[in-house]
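Participant: Fold the following, please.
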Amino acid sequence: MSGTFLTTAELSARIKYDCRTIREQLKDSVLLEGTHYIRPFGGRKILYIWEAIQRDIGKASQNSLAIPMANGGVAHG
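Facilitator: Numbering: from 1, shown residues only. So this is what the prediction gives:
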């Protein structure tokens with residue numbers, strides 16, 4: 001696995017979110033273990049994978065005007 005590994009503080013500085021927000025709200029709901037972050041050597045420390053986060057950071061906002069439909073689709077408003 002290659003890429004740029006960041007600590008929570010370093011990621012916080014790059015994406016302009018508080019460290020606490022990253023740990024409590026984004027981790028495991030938006031940022032997924034194995035995709036966006038790893039725990040090296042099975043420890044408690046978390047390293048974020050910058051390239052994966054950079055790739056996916058705008059995906060949720062691209063559909064911000066989408067209206068969910070009952071059949072599972074979306075209407076673009």
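Participant: Spatially central residue for the protein, please.
Facilitator: residue 31 (3.3 Å; Cα atoms, centre = their mean).
Participant: Report the separation between it and residue 4.
Facilitator: Remark: distance between residue 31 and residue 4 (Cβ to Cβ, to the nearest Å) = 15 Å. Quick note: C-beta positions are derived from backbone N, CA and C, even for glycine.
Participant: and if you look at residue 49?
Facilitator: 7 Å.
Participant: So which of these two has more stuff around it?
Facilitator: More crowded of residue 49 and residue 4, by other Cβ atoms under 10 Å: residue 49, with 21 against 14.
Participant: I'd assumed residue 40 was in contact with that one.
Facilitator: No: applying Cβ atoms under 8 Å, one finds residue 49 not in contact with residue 40, separated by 11.4 Å.
Participant: So residue 75 belongs to a helix, correct?
Facilitator: No: checked against DSSP: H, G, I helix; E, B strand; the rest coil, residue 75 lies outside a helix; its state is strand.
Participant: And for it, the neighbour number?
Facilitator: 9.
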